[in-house]
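A.B. asks: missing the sequence, but the structure's below:
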């Protein structure tokens, strides 16, 4: 594939249209997901941190600034970019670039620049030269290409295989942390770079906490265990949640499990291009509320997934924007009963031209 | 141990002396290492990120702001702190605190606050209320207590055992990435939380790159492989580097290996309280330079290690400050021959009242 017909060429063109519409002549891109999306730079599929590079994108040129570890890989992976090795820190390298000139204003990603980086840039570039980006440069990432859909699906297949392997061996006595480590080792054994976020394994009363961290607690017979995890494959994230009941399900466990699963199915059925994200959230939420558990489902229904584990579009009451083809979203309702336990079930769904397509291969849920 | 006699009580007292000397009446602590050091808050030994909490320390009171995942653990672990659960973001919680009042200036850690957090704080608190900390609140961490030395030593023992296990099985055909994953799995199997930094496994020509990321490259007979890794144990980091020669060492490999090892021993011998850090660096560097390899040792000799993998004091030409008892530093000279390979050897050394103590148990080096 020539550089000119690469996905990055199209992405840069879209970004420049966004920039030009807002009068932005120079953008500094420092978030790992946008850096990768617009340049193709992966740094060997290792999770790269802020110090590993930044993009400077102006009307006509684009630069990738990185350190000596990555310059060779960057040239291979980002042929559209002029790769500059930085030795003296970002601010000093930027001020030396002719393309910025003495007057051009530089717009930055405020969530992905530290206050100290900002101060150094202000000091080096001079007053009035910096402003946060007035446009959402993440937005184009919400519409996934066929290749991106393939990569998320591959990350998901790895995740499902790892969870299936864990559920084969998961039994009373296993600690949450052992289970989490097992999953992450499986991800890697199956070809992933690693986890796409901190694995959640929450047993017994911990399952009532939506974001519990896996601890030294041992699982016990009769408990429910929530496993929420995802592999990262060539930069793309997966995200699934399964809840396992260790032993014979009790009546209350069956009840909330069945409710959550029904709510999930209703939400998935509601997904289609043009549908408000908030209406998908509502489909699940109302089902749970009608059964009297509304107060025990305290988080949003889902979120977009791609190069970042949380990205647009979110499925929540607050997001009244429409879904569109190419969105990939999680659908993850839950019911959490303080002190007792909880259930969360999460699938990944692609919005298609005509409706939706489930990306999960396994639909290995209890049927109550 | 009562809260009043806890290590955190002493640390807070030292911090307040620093603050008071610089006229700082309120400090916002957001770096993971300082948050843990001053409060004791570990969040279950999971690597916690920025969103998991912040400390607000004023002349007379101290608050730990965290989200609902961690409030219970925070109360247990940080009994000296008033734990506040934040629901509406850091800025909104802070502005509601009486202790800040309408005029107190809030000083922050500029490396550990994003530009967008800064803007939100500025907007919420009003003009002139924020400034970067004019004091180095990391500084007290450089003097390790006996308990901290024990924890670093434990992290190191785990690391050494994992590297020994890897070296048993490391052979041509193994990929760098497989080796890295093996190490990280061993760390966890042996009781660590995980790696304390991104594991480096660099084989053949990659060993000439001091910060290579482990890739899909297979190791080959006759090559040198640099392994640089560390486990994290109860928050404390270890850091060691070993270089293995796969097969019968060639003359050039023996030569640079022996040189690096000699340089390391000279540097270790130079360590004592009161000695300039730059002089320790010089002891290793001059030995390598005298043999004509000076240009192939391009990085500093070492760095402090504790709750962060890189902390004070650094051992480099630029740090002319004196070492003092309680410092723990890496000593890691290297020689890197572009296109051919390289050697780096790294030990962890404690500065004692009278000199130094090697923290490594294994001194499993080739003897040439």
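C.D. replies: Alright, I've got the coordinates. On a predicted model such as this, the values are computed, not experimentally measured, just so you know.
A.B. asks: got the end-to-end distance for stretch A:358-368?
C.D. replies: 21 Å (C-alpha to C-alpha, to the nearest Å).
A.B. asks: ok, and for that stretch, which residues are buried?
C.D. replies: Of the residues in stretch A:358-368, A:359, A:360, A:365, A:366 count as buried by neighbour count, 16 or more other C-beta atoms under 10 Å in any protein chain shown. All C-beta atoms are positioned from the backbone trio N, CA, C, and that covers glycine.
A.B. asks: Also stretch A:128-136?
C.D. replies: By neighbour count with 16+ other C-beta under 10 Å, stretch A:128-136 contains the buried residues A:129, A:130, A:133, A:135.
A.B. asks: again, but for stretch A:215-232
C.D. replies: For stretch A:215-232, by 16+ other C-beta under 10 Å, it's A:215, A:217, A:219, A:223-232.
A.B. asks: For the residue with the largest distance to the centre of chain A, which non-adjacent residue is spatially closest?
C.D. replies: No residue in chain A sits farther from the centre than residue A:102, which is 37.3 Å out by C-alpha atoms, centre = their mean. Leaving out its chain neighbours, the residue that sits closest to residue A:102 by C-beta to C-beta, 6 or more residues apart in numbering or on different chains is residue A:126, at 8.0 Å.
A.B. asks: Likewise for residue A:38?
C.D. replies: That would be residue A:11: by C-beta to C-beta, 6+ apart, it lies 5.4 Å from residue A:38.
A.B. asks: packing partners for the longest helix seen in chain A?
C.D. replies: If you go by DSSP state H, chain A has its longest helix at helix A:146-169. Applying 3 or more C-beta pairs under 8 Å, 6 or more residues apart in numbering or on different chains; DSSP states H and E, we find helix A:146-169 packed against helix A:176-189, strand A:224-229, strand A:231-233, strand A:236-237, strand A:240-245, strand A:347-351.
A.B. asks: out of the ones you listed, which comes closest to residue A:264?
C.D. replies: Closest approach to residue A:264 among the helices and strands packed on helix A:146-169 is made by strand A:347-351 (6.6 Å; C-beta to C-beta).
A.B. asks: neighbouring strands for the closest one, and are they parallel or not?
C.D. replies: Applying DSSP bridges, strand A:347-351 is found paired with strand A:328-331 (antiparallel), strand A:356-358 (antiparallel).
A.B. asks: List of residues touching the last one?
C.D. replies: Contacts with strand A:356-358, where a contact means C-beta atoms under 8 Å, 6 or more residues apart in numbering or on different chains, come from A:268, A:271, A:272, A:347, A:348, A:349, A:350.
A.B. asks: same thing but at 10 Å, please
C.D. replies: A:149, A:153, A:268-273, A:275, A:280, A:323, A:325, A:327-329, A:331, A:347-351 (C-beta atoms under 10 Å, 6 or more residues apart in numbering or on different chains).
A.B. asks: Apply the buried test to those residues and list what passes.
C.D. replies: In the contacts of strand A:356-358, the ones that pass as buried (16+ other C-beta under 10 Å) are A:149, A:153, A:268, A:270-273, A:275, A:280, A:323, A:325, A:327-329, A:331, A:347-351.
A.B. asks: show me where pLDDT drops low in chain A?
C.D. replies: Scanning chain A for pLDDT under 70 picks out A:1-4, A:43-51.
A.B. asks: Identify the residues contacting the residue of the stretch 251-368 of chain A found nearest chain B.
C.D. replies: Residue nearest to chain B within the stretch 251-368 of chain A: residue A:298 (9.3 Å; C-beta to the nearest C-beta). Residue A:298 makes contact with A:210, A:334, A:335, A:336, B:68, according to C-beta under 10 Å, 6+ apart.
A.B. asks: Produce a ChimeraX select command limited to the buried residues of the residues you listed.
C.D. replies: In ChimeraX, this line selects whichever of those come out buried by 16+ other C-beta under 10 Å:
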select /A:210,334,335,336
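A.B. asks: Can you pick out the most distant pair from the contacts of residue A:298?
C.D. replies: Greatest spacing in those, by C-beta to C-beta: A:335 and B:68 (16.7 Å).
A.B. asks: what's the strand or helix carrying residue A:94 packed up against?
C.D. replies: Take DSSP states H and E as the rule and residue A:94 turns out to sit in helix A:90-95. If contacts are counted by 3 or more C-beta pairs under 10 Å, 6 or more residues apart in numbering or on different chains; DSSP states H and E, helix A:90-95 sits against strand A:26-29, strand A:54-58, strand A:62-66, strand A:82-85, helix A:115-125.
A.B. asks: now the ones you listed as CSV including distance to residue A:319 and mean neighbour count?
C.D. replies: Compiled in CSV, these are given as follows (distance: least, C-beta to C-beta, whole Å; neighbours: other C-beta atoms under 10 Å in any protein chain shown):
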stretch, distance to residue A:319, mean neighbour count
strand A:26-29, 24, 24
strand A:54-58, 28, 23
strand A:62-66, 31, 24
strand A:82-85, 37, 17
helix A:115-125, 29, 18
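A.B. asks: Among the ones you listed, which comes closest to chain B?
C.D. replies: The nearest among the helices and strands packed on helix A:90-95, by C-beta to the nearest C-beta, is helix A:115-125 at 3.7 Å.
A.B. asks: the inter-axis angle of the closest one versus strand A:54-58?
C.D. replies: Using axes from the mean of the first three to the mean of the last three C-alpha atoms, to 10 degrees, the inter-axis angle of helix A:115-125 relative to strand A:54-58 is 40 degrees.
A.B. asks: ok, and does the helix or strand following helix A:115-125 reach over to chain B?
C.D. replies: As assigned by DSSP H and E, the chain's next helix or strand after helix A:115-125 is strand A:130-132. Yes. Legend: contact between strand A:130-132 and chain B by C-beta under 10 Å from any C-beta of the partner chain is shown at A:130, A:132.
A.B. asks: Can you give the strand pairings for strand A:130-132, parallel or anti for each?
C.D. replies: strand A:106-108 (parallel).
A.B. asks: What residues sit buried inside the partner strand?
C.D. replies: Using 16+ other C-beta under 10 Å as the test for burial, strand A:106-108 gives A:106, A:107, A:108.
A.B. asks: Could you list which of the buried residues of stretch A:215-232 also contact chain B?
C.D. replies: A:215, A:217.
A.B. asks: and which of the buried residues of stretch A:215-232 is nearest residue B:237?
C.D. replies: Using C-beta to C-beta, these come closest to residue B:237 at residue A:215, 20.9 Å.
A.B. asks: contacting residues for the residue farthest from the centre of chain A?
C.D. replies: By C-beta under 10 Å, 6+ apart, the contact list for residue A:102 reads A:95, A:125, A:126, A:129.
A.B. asks: Could you report the separation of the last one from residue B:130?
C.D. replies: Just to be clear, that refers to residue A:129. Distance from residue A:129 to residue B:130, counting by C-beta to C-beta, to the nearest Å: 21 Å.
A.B. asks: Could you do the second one as well?
C.D. replies: Note on residue A:125: its distance to residue B:130, by C-beta to C-beta, is 21 Å.
A.B. asks: For the strands paired with strand A:347-351, please prepare JSON lines with the additional fields distance to residue B:319.
C.D. replies: Output for those, formatted as JSON lines (distance: least, C-beta to C-beta, whole Å):
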{"stretch": "strand A:328-331", "distance to residue B:319": "48"}
{"stretch": "strand A:356-358", "distance to residue B:319": "57"}
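A.B. asks: Please name whichever of these is nearest to residue B:159.
C.D. replies: Nearest of the strands paired with strand A:347-351 to residue B:159, taken as C-beta to C-beta: strand A:328-331 at 36.6 Å.
A.B. asks: next structured bit after that closest one?
C.D. replies: That would be, after strand A:328-331 and using DSSP H and E, strand A:334-337.
A.B. asks: Name the nearest residue to residue A:20, sequence neighbours excluded.
C.D. replies: residue A:59 (7.3 Å).
A.B. asks: contacting residues for the one you found?
C.D. replies: With C-beta under 10 Å, 6+ apart, residue A:59 has these contacts: A:16, A:19, A:20, A:24, A:25, A:26, A:99, A:104.
A.B. asks: Good, wrapping up.
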